[in-house]
Each structure stands twice: as structure tokens, then as C-alpha cells.
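# Kindly return the folded structure for what I paste below:
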Amino acid sequence: MKKRLNLTTYIILGLLLGIIAGYFVNTNMAKPGDFADTMSLVTTMFLRLIKMIIAPLVFSTLVVGIAKMGDVNEVGRVGGKALAWFIIASLISLTLGLIMVNFFRPGDAMHAMLPAADAVSGITTTNLSMKEFITHLVPSSIVDGMAKNEILQIVVFSIFFGTAAAAVGERSKVVVEAIDGVAHIMLKLTGYVMNFAPVAVFAAVSGVVAKSGLAVLGTYGVFMAEFYFSILCLWLVLIFIGYLFLKNRVIGLLRELRMPTLLAFSTASSEAAFPKTLEGLERFGVKNRIASFVLPLGYSFNLDGSMMYCTFATVFIAQAYGIELSLGTQITMMLILMLTSKGMAGVPRASLVVIAATLAQFNIPEAGLLMLLGVDHFLDMARSATNVIGNGLATAVVAKWEGELGEHIEGDIAEQKLPE
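Here you go, the predicted structure:
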């Protein structure tokens, strides 16, 4: 516990020092962009270390968990409950985003800073058809899926592999035990990589502040404050729903999610927090076969913060251009985002891509995205942290539904037998 608290403290310290160093560079160096580029190398190295872990970690823990389930019906039941939660949480996130952006109307104050309607945003939209979603869902090669860290594809292959291993029975025991060993090794490796987290947080924050300066926060301060307040409201709603299932234990869960949430916020990457989120859930008492199954699914289907941002930002841009959207149009937009956001897992800057595609469908100038690009990193920090909270709550609640929520475990998960 002391070690975890120390790491959290160091991450906070890295965040604060990053703001100070970035501000100093921005105001005193002739070319702060050079400093930002140098710091981006440190951040990139850390995120690549995280990406290096994710594929083998997801595969090994999920295969072992499913093999120990040994029942296809159980896999289907757990998956069904997880998807039910994801759909409800998605609707809550999208709806709350619409409610808050219509209440605050942040776009009304941006008329003076509008880019030309025909300006190019630089965001490349993609085909969001069902065909593309299915193509993205099923891997043509698991090696290719792992190389690209396509979590959803890895999950699909792992489900088939684990189910087949359970069906084979005794003959697969050696293979399952070997993969179980890989899971323990990857959890220990996660601990090594996380030692670099405070340095990566310092580099990420100092680079962004050095390049953009704090002035950009002043320009968009009201918009950002309203979005952060909306995110806070979403947290409270999700935590309250979690409390209905977990009762007072939800406090302990939030305590375990504190460090991965802070890491996701600081690096603006929920993916960076995946290993520690998995470890924290297992410490909380979620059995490994549940955590290793539901959490990767959540990273593909349950990005609560990103979905709220999609509705909030889309209507914000419409307001800025003086385009009034009827209630029916906004509901239609929400339902479209409900589907399209599920097909964008693993796409870089996925939220902006989804927003760009949605703007085009409703004849809203795509150039409005230019207003967001300068502060998107700071908005992404809130989105990423929310994704961690949402997926942590979802996994714990599904475990509770399944009667697979054990006692809170103290200590290093990697040094213990993975919960069955």
C-alpha cells in the first residue's frame, strides 16, 4: 500500500512540476516548441512501453480466466451483463452531454473566434458503416491484431482460444499453466514499467504547456470549465449507480482506481492506465476471469468520457455557428453516436474522428473542430480519466452480479496466485 501511495504521490508531483516547467519554458525560451518536441520523446517512450505490455497481458489473463470458467454459457452470460451495463452507461453519458451543453450553451460565446466554414480541420473521417465495424471486430490474423494492439480483436481471439482450451480438457492443462505463468510475468513487468510513470507525466504536461501556454486555457476557460463540470456530474451519476450495487465498497473501489485514473488524466491516455486498472480491480476482489474479460470489452464499448465529449462538442460547434438543432435532431444525433462510437475503438484521436463524421452528417461546418484542437489535449485528460472510472465500475458491478466479488486483497497481485 505504501509503495502504491508513493507512486501516486510522485505522479502528482510530476504533474505539478510539469505545469511549472512548461510555463517557464513557454515564457522564457525563444523556441518552446523544441522543448515540447524533446519532451514528447519521453512521453512516446512510456506509451510505447505500455503498448508493449497490453497485448500479451490481455491475451494471457483472458485465456486463463475463460479456460478456468470452462463453460460457454457462463462466458455468454457475463458478456451479456457487461454489454447491458455498457449500453446503459453509454446512453447516460450521451444524454448528460446533450443536457449540459444545452444548459450552458458554451458555443454562443465563441462567435468572434469562428474559423471560416470552409477551413480544413486536418481530421480524417472514416467510413463508419456496419461493414467496417465487423471488419474491425474480427481479426484476419491475431498476429496483426496484437501488433496493432487492437484490444477488441485480441478479446475475440482469446475468447475462442480459451473456450477451445476448456473444451479440450486435460490435454490443454500444460498450455493453460504456461499462459498463466505469462500472466504473472506481465503483471510483474507492469510494475517495472510504471516506475517511469512520474517522469512520463512530467514530460507530457510540461511539453503541452510549453507549446500552447496557459493563455489558451484563458481563451477557452469557460468552455473547459463547463465541460469539466459536466464530466464531474457524469462521475457522480456513475458512482451513484455503482453504489446501488456495491454499497459502501464503492469507496474502496475508487481508492484502488485512484492511481490509474490519475495516470490516465496526466498522460491523456486511458490505455496507459489499463494494466494498473486490471491490477487494482483484482486487488479490490474482482476475480481474474471476470476482470480480464470485462475490462478489455469496456475499452472497446464503454468509453463514457469520450461519448459525453462527442455530444458536448458536436452541439457546441453547432451553437458557435448559430445552427439551432431541434430536440428530435439531437436525439437522432445521440443514437447515431451510440453506434458509431463503438466502431472507433483503437483509432487515434477517435473522439475527434467521430465528431468530424457526425458534423458532416448534420451539415455542420467541420472547420469548427479547429476551435477544439488547441485545447483537445486538456479535454482528453478528463475523457481518459472518466473512461477508467467508468470501466472500473462496470467490471466491479458485473463481478457483483455474478457473485464473483471477493474480499479486498492487499499486496502485489503479481506475487500472488491469480484469483480464479
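# pretty sure Asp180 contacts Val64?
Yes - here Asp180 lies in contact with Val64, judged by CB atoms under 8 Å, at a distance of 4.8 Å. Quick note: C-beta positions are derived from backbone N, CA and C, even for glycine.
# Looking at the two, which one has more neighbours?
Val64 (27 against 20; other CB atoms under 10 Å).
# Confirm that the more buried one sits in a helix.
Yes - if the criterion is DSSP: H, G, I helix; E, B strand; the rest coil, then Val64 is within a helix.
# gap between it and Ala183?
6 Å (CB to CB, to the nearest Å).
# again, but for Leu263
Applying CB to CB to Leu263 and Ala183 gives a distance of 21 Å.
# Between the two, which is the more surrounded one?
Leu263 (29 against 23).
# Show the pLDDT at that one.
Per-residue confidence (pLDDT) for Leu263: 91.
# for the helix or strand containing it, packing partners?
Leu263 belongs to helix 249-267 when assigned by DSSP states H and E. Applying 3 or more CB pairs under 8 Å, 6 or more residues apart in numbering; DSSP states H and E, one finds that helix 249-267 makes contact with helix 2-28, helix 32-69, helix 197-212, helix 221-246, helix 274-284, helix 376-401.
# of the ones you listed, which approaches Gln319 most closely?
helix 221-246 (10.6 Å; CB to CB).
# The closest one relative to helix 274-284, how many degrees between them?
Per axes from the mean of the first three to the mean of the last three CA atoms, to 10 degrees, the angle that helix 221-246 makes with helix 274-284 is 30 degrees.
# for helix 221-246, the distance to its chain's centre please.
Centroid separation for helix 221-246 versus its chain: 15 Å, with CA atoms, centre = their mean, to the nearest Å.
# State the mean pLDDT of it.
Averaged over helix 221-246, pLDDT sits at 95.
# Kindly calculate the angle that it makes with helix 376-401.
Helix 221-246 runs at 10 degrees relative to helix 376-401, counting by the same axes, to 10 degrees.
# and helix 221-246, which residues are buried?
223-224, 226-227, 230-231, 234-235, 238-239, 241-242, 245-246 (16 or more other CB atoms under 10 Å).
# ok, so of those, who is nearest Phe316?
For the buried residues of helix 221-246, the residue nearest Phe316 by CB to CB is Phe223; the value is 7.1 Å.
# Tell me if I'm right that the closest one and Met110 touch.
Yes - counting by CB under 8 Å, Phe223 touches Met110, with 7.4 Å between them.
# any shared contact partners between the two?
Here Phe223 and Met110 have Phe316 as joint contacts, going by CB atoms under 8 Å, 6 or more residues apart in numbering.
# Any stretches of the stretch 151-300 of the chain with poor pLDDT?
216, 219 (pLDDT under 70).
# Is it possible to get a markdown table of the buried residues of helix 221-246 that adds distance to Phe284?
Rendered in a markdown table, the data for the buried residues of helix 221-246 read as follows (distance: CB to CB, whole Å):
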| residue | distance to Phe284 |
| --- | --- |
| Phe223 | 35 |
| Met224 | 32 |
| Glu226 | 33 |
| Phe227 | 29 |
| Ser230 | 27 |
| Ile231 | 23 |
| Leu234 | 21 |
| Trp235 | 18 |
| Leu238 | 16 |
| Ile239 | 14 |
| Ile241 | 17 |
| Gly242 | 12 |
| Phe245 | 13 |
| Leu246 | 9 |
